[in-house]
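Undergrad: What shape does this take:
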Amino acid sequence: MATVLVFDIETIPDVVGLRRLEDFPDSMTDSQVAAKVMTDRAEKTGSEFLPLYLQKICAISCVIRRTTKDGSPQIKVGTLGNPEDGEKVLIQSFFDLIEKYTPQLVSWNGSGFDLPVLHCRALVNHVQAPRYWEMGESQENDSREFKWNNYISRYHMRHLDLMDLLAKFNGRASAPLDGLAKLCGFPGKLGMDGSQVWPAYQEGKINDIRRYCETDVVNTYLMYCRFQLMRGGFSLDEYQEEIVFVKTYLEKEAKEPNGAQWHEYLAGFSPDA
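TA: Numbering: from 1, shown residues only. From the prediction side, this is the model:
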């Protein structure tokens, strides 16, 4: 099995950037600045959701599924960096994983949200990501392959946006991860949703945000497994073995000091998953 890297990000308003772009009084707190901008945004567009380049990344969670050199299957779920790390560390860590493994990237709405945010914020933070941006122009041995199959183009498969593909690249047909995952018998979202990330961040609940992001990225991996079953990448037996493999890993994680969320998550599986 080729290395698979499933990813999901959580964001908050880039208050430093907002202050740089607009003349806010120093007396205004970060919360007040964000509230003012989001209120103005809602009046203009009907939504408080800020433009992607003004979304600061506060968490990046990943599932890495690979086969080790001795042929053993390996899966790891986690959030990059430490809770106190800045945005640059998180983003560089993500692109370093791509540099190391050249994985199959998998996301849910990664083309419409996660990757455009990562692109903009990588620019802001002086992040380097040559492997990710490989387009067949370098002198690497496999460079020519990237001309025809890279991470950037919609029509290539190194990045698989499941939401986009299942909707046939039609935004009106897009399905939410939470709803479709639950229909497939998977647990879906736990603890919060994206609209609650900024309030949670202001309350210092970064660990809650990281845990929420991790459950979301596991949902995406499980949906990827179901997709592989549908398209013939997994036989039914292989699919069922993989689901058991994921559950077994999460059962072990649930016993770790910071693994309490996995008890609730595992309880959310339906028998027909």
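Undergrad: now the end-to-end length of stretch 147-161.
TA: Taking Cα to Cα, to the nearest Å as the measure, stretch 147-161 stretches 20 Å from start to finish.
Undergrad: pLDDT of that stretch, averaged?
TA: On average, the pLDDT along stretch 147-161 is 89.
Undergrad: hey, where'd the helices end up in the stretch 101-250 of the chain?
TA: Here the stretch 101-250 of the chain has its helices, by DSSP state H, counting those that start in this stretch, at 115-124, 143-148, 162-166, 177-183, 197-202, 206-231, 236-253.
Undergrad: could those be laid out in a markdown table, adding mean neighbour count?
TA: All C-beta spots, glycine's among them, are computed from the backbone N, C-alpha and C. Below are the helices of the stretch 101-250 of the chain laid out as a markdown table (neighbours: other Cβ atoms under 10 Å):
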| stretch | mean neighbour count |
| --- | --- |
| helix 115-124 | 19 |
| helix 143-148 | 14 |
| helix 162-166 | 19 |
| helix 177-183 | 17 |
| helix 197-202 | 18 |
| helix 206-231 | 21 |
| helix 236-253 | 15 |
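Undergrad: quick one, which of those is nearest to T29?
TA: Closest approach to T29 among the helices of the stretch 101-250 of the chain (Cβ to Cβ): helix 197-202, 9.7 Å.
Undergrad: still on that earlier bit, if I average pLDDT within each of the helices of the stretch 101-250 of the chain, which one is lowest?
TA: When I compare the helices of the stretch 101-250 of the chain, helix 143-148 is least confident, with a mean of 82.
Undergrad: follow-up on the earlier one: make CSV out of the helices of the stretch 101-250 of the chain and add distance to L90.
TA: Listed next are these as CSV, based on distance: least, Cβ to Cβ, whole Å:
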stretch, distance to L90
helix 115-124, 9
helix 143-148, 25
helix 162-166, 23
helix 177-183, 21
helix 197-202, 14
helix 206-231, 10
helix 236-253, 21
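Undergrad: how about those, which one is nearest T39?
TA: Going by Cβ to Cβ, the one of the helices of the stretch 101-250 of the chain nearest T39 is helix 197-202, 13.4 Å.
Undergrad: and that closest one, what other elements does it pack with?
TA: strand 4-13, helix 206-231 (3 or more Cβ pairs under 8 Å, 6 or more residues apart in numbering; DSSP states H and E).
Undergrad: roughly how far is the last one from the heart of the chain?
TA: Spelled out, it's helix 206-231. 8 Å (Cα atoms, centre = their mean, to the nearest Å).
Undergrad: any idea how far A35 is from T29?
TA: Counting by Cβ to Cβ, to the nearest Å, the separation of T29 from A35 is 9 Å.
Undergrad: To D85, which of the helices and strands packed on helix 197-202 lies closest?
TA: D85 lies closest to helix 206-231 among the helices and strands packed on helix 197-202, at 10.0 Å (Cβ to Cβ).
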